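Participant: Attaching a predicted model along with its sequence, questions to come.
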Amino acid sequence: MKTLLAALTSLSIPVFANPVALPEAIVEKTWERCVISAGEKCSTVSCAVGYKGKDSLNEPFYVSVPVILPASLAGDAITARKVMKARLEAGGKVHDPNHIRFINNPLLPGGTVVAECLFKLQRVAGRSFAIVVTYDQPTINGKVLYLPQFEEGKNPKDFAEFSVSVFPTDGGLLALESKHEQEATSFATRVTVKPVDNEVIQIGYSRSEQAVPSDGDKP
């Protein structure tokens, strides 16, 4: 990722996201509300995030959104783009990713790869702004995965402003499989976690016996 960002920094101020700002960025994340609609084959992730500028935001910058994909998609940016359908909305404008880079992350289970989607945003009026990021992420081996990240690895002082909530679709059931330092509430129909930097959220998805099959599942 550093090679790509080095080429971009000559044009703009880079900002990382899951969303999270790079250490050299001039913003800090002030709140995050992430909602994941978990399905048997695919989950839809929607994150609203607030930022505060440490300085004026008079130059374009990048936001990077990491999406966890099956390792079989590594290097295939065209297919990955179609699978993810990643979008970023800021200031009333919807953006598609300008670049996609694949990296391996040892914190995640085997058989996965991270596709980092870089979105280029223009200058921001004022020192505070918000973005909404949405993307589709395959449910890998019955697991819903999310990897929180914070600037310089520093967790927020007030976790009340940060949450990741997961709800099942298609009548499915959830089971929180990962352990967490902060508050985590786990029910079969809702899981909510206070995110900690680089602490993987892993949730099992199973089909309820009472679930009504979709037309595609009918014999």
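Facilitator: Structure received. This one's a predicted model, so the numbers in the text were calculated from it and none came from an experiment. Residues are numbered from 1 along each chain as shown.

Participant: show me the contacts for residue 134.
Facilitator: Residues counted as contacts of residue 134 (Cβ atoms under 8 Å, 6 or more residues apart in numbering) are 44-47, 85-87, 89. C-betas here are computed from N, CA, C, even on glycine.

Participant: correction: residue 37
Facilitator: 43-44, 46, 167, 169.

Participant: and with 10 Å instead?
Facilitator: Residues near residue 37 by Cβ atoms under 10 Å, 6 or more residues apart in numbering: 43-46, 136, 144, 165-170.

Participant: returning to that earlier point: may I ask which of the contacts of residue 134 has the most neighbours?
Facilitator: Ranked by neighbour count (other Cβ atoms under 10 Å), these have residue 45 at the top, with 24 neighbours.

Participant: rewinding a little: could you take the contacts of residue 134 and lay them out as a markdown table, with extra columns for distance to residue 151, secondary structure and pLDDT?
Facilitator: Formatted as a markdown table, the contacts of residue 134 follow (distance: Cβ to Cβ, whole Å; DSSP: H, G, I helix; E, B strand; the rest coil; pLDDT from 0 to 100):
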| residue | distance to residue 151 | secondary structure | pLDDT |
| --- | --- | --- | --- |
| 44 | 26 | strand | 96 |
| 45 | 20 | strand | 96 |
| 46 | 22 | strand | 96 |
| 47 | 16 | strand | 95 |
| 85 | 27 | coil | 97 |
| 86 | 21 | coil | 96 |
| 87 | 23 | strand | 96 |
| 89 | 22 | strand | 94 |
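
Participant: All the helices of this protein, in order from the start?
Facilitator: Shown for the chain, the helices assigned by DSSP state H span residues 2-9, 77-84.

Participant: Roughly how far does residue 175 sit from residue 202?
Facilitator: As judged by Cβ to Cβ, to the nearest Å, residue 175 and residue 202 stand 10 Å apart.

Participant: Run through the protein and note the low-pLDDT ranges.
Facilitator: Within the chain, the segments meeting pLDDT under 70 span 1-26, 56, 209-219.

Participant: cutoff 50 now
Facilitator: 1-17, 20-24, 211-214, 218-219 (pLDDT under 50).

Participant: Quote the end-to-end distance of stretch 194-207.
Facilitator: End-to-end distance for stretch 194-207, by Cα to Cα, to the nearest Å: 26 Å.

Participant: Ok, stretch 169-184 next?
Facilitator: 20 Å.

Participant: List the buried residues of it.
Facilitator: Using 16 or more other Cβ atoms under 10 Å as the test for burial, stretch 169-184 gives 170, 172-174, 176, 178, 184.

Participant: Perfect, that will be all.
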